[in-house]
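Visitor: need a 3D model of the following:
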Amino acid sequence: MELADSPVTLFLIALNFVFSFLGFSNGALVDKTIMWPYRVKREKQFYRMVTSGFLHADWMHLFFNMFTLYFFGSLLEKMFTVYGLGGKISYLGLYFLALIASDIPSYFKHQDDYNYRSLGASGAVAAIVFAVILFDPWGSIYLYGAIKLSAAVYAVLYIVYCIYMGKQNNDNVNHDAHLWGSLFGLGFTIALVAAIKPELFQLILEELKHPSLFGR
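Guide: Next up is the predicted model:
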């Protein structure tokens, strides 16, 4: 796939890199833009649900999210265009709405916790991954770059993992954002297909008839 085929994905990646890079050395910027439910509730700073999605904790966090965004985002950007699902407008809508949707559960859960903060594009990236899985459920995904699974199997394991880890609440990862971002991406795309191209459901159902544990 040529770079010219995915200008919106490249723009989002560039925006993430620039904003995150600035945040690495600017604590005041991070303080004003990170997802901070306590302040969102009291100062009505709802913009944080979007701005926090362009901040990352470190280079590894940023690289992993952008690496995933490049491969899945480029594919989805093309799919939305080829399938006549609103193209780049729908793709941008999914990305930004997923940032918000993935933060809403964290907002209600931690709105009275002064010390809780979160950041990263993971919610939106997870939404894009699950949107792609809807169209190609038996495609191959390599877990940790080595374990080959079908996308549908990966999706089930990912959701179970997010629910389990979210209940454990013993690390610094916002598993709730990952979970709800994934579910939002799936729901958004199903609704988009139903509203614009319902005939695509036949293609999706046809794909589901040919299951594969390890992908094609």
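Visitor: for the protein, what spans make up the strands?
Guide: Listed in chain order, the strands found in the chain under DSSP state E are 140-143, 147-150.
Visitor: would you single out the least confident of the ones you listed?
Guide: The weakest mean pLDDT among those belongs to strand 140-143, with a mean of 85.
Visitor: given it, what are its sheet partners and their directions?
Guide: Strand pairing for strand 140-143, determined by DSSP bridges: strand 147-150 (antiparallel).
Visitor: just name the shakiest helix or strand of the chain by mean pLDDT.
Guide: strand 140-143 (a mean of 85; mean pLDDT, DSSP states H and E).
Visitor: looking at the strands of the chain, spot the one closest to G93.
Guide: Across those, G93 has its closest neighbour in strand 140-143 (24.7 Å, C-beta to C-beta). All C-beta atoms are positioned from the backbone trio N, CA, C, and that covers glycine.
Visitor: got the buried residues for the closest one?
Guide: Of all the residues in strand 140-143, those buried under the rule 16 or more other C-beta atoms under 10 Å are I141.
Visitor: how about residues contacting that strand?
Guide: Contact with strand 140-143 is made by 148-151, 154, 214-216, as judged by C-beta atoms under 8 Å, 6 or more residues apart in numbering.
Visitor: now do 7 Å
Guide: Strand 140-143 is contacted from outside by 148-151, 154, 215-216, using C-beta atoms under 7 Å, 6 or more residues apart in numbering.
Visitor: point out where this structure drops to low pLDDT.
Guide: Across the chain, the ranges flagged by pLDDT under 70 are 1-4.
Visitor: regarding it, what is its longest helix?
Guide: Using DSSP state H to define each element, the chain has its longest helix at helix 87-110.
Visitor: CA atoms only: put that one into PDB for me.
Guide: Taking C-alpha atoms only, helix 87-110 is exported to PDB below (Å, rounded to 0.1, in the frame of the first residue of the first chain):
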ATOM      1  CA  GLY A  87     -14.400   7.500   3.200                       C
ATOM      2  CA  LYS A  88     -12.100   9.800   5.100                       C
ATOM      3  CA  ILE A  89     -14.900  11.700   6.900                       C
ATOM      4  CA  SER A  90     -16.200   8.500   8.400                       C
ATOM      5  CA  TYR A  91     -12.700   7.400   9.300                       C
ATOM      6  CA  LEU A  92     -12.000  10.700  11.100                       C
ATOM      7  CA  GLY A  93     -15.300  10.500  12.800                       C
ATOM      8  CA  LEU A  94     -14.500   7.000  14.100                       C
ATOM      9  CA  TYR A  95     -11.100   8.100  15.400                       C
ATOM     10  CA  PHE A  96     -12.200  11.200  17.300                       C
ATOM     11  CA  LEU A  97     -15.500   9.700  18.600                       C
ATOM     12  CA  ALA A  98     -13.600   6.700  19.800                       C
ATOM     13  CA  LEU A  99     -11.200   8.900  21.800                       C
ATOM     14  CA  ILE A 100     -14.200  10.300  23.600                       C
ATOM     15  CA  ALA A 101     -16.200   7.100  24.000                       C
ATOM     16  CA  SER A 102     -13.200   5.200  25.300                       C
ATOM     17  CA  ASP A 103     -12.700   7.800  28.100                       C
ATOM     18  CA  ILE A 104     -16.300   8.100  29.200                       C
ATOM     19  CA  PRO A 105     -16.200   5.000  31.500                       C
ATOM     20  CA  SER A 106     -12.900   6.200  33.100                       C
ATOM     21  CA  TYR A 107     -14.500   9.600  33.700                       C
ATOM     22  CA  PHE A 108     -17.400   8.100  35.600                       C
ATOM     23  CA  LYS A 109     -15.200   5.600  37.400                       C
ATOM     24  CA  HIS A 110     -12.600   8.100  38.500                       C
END
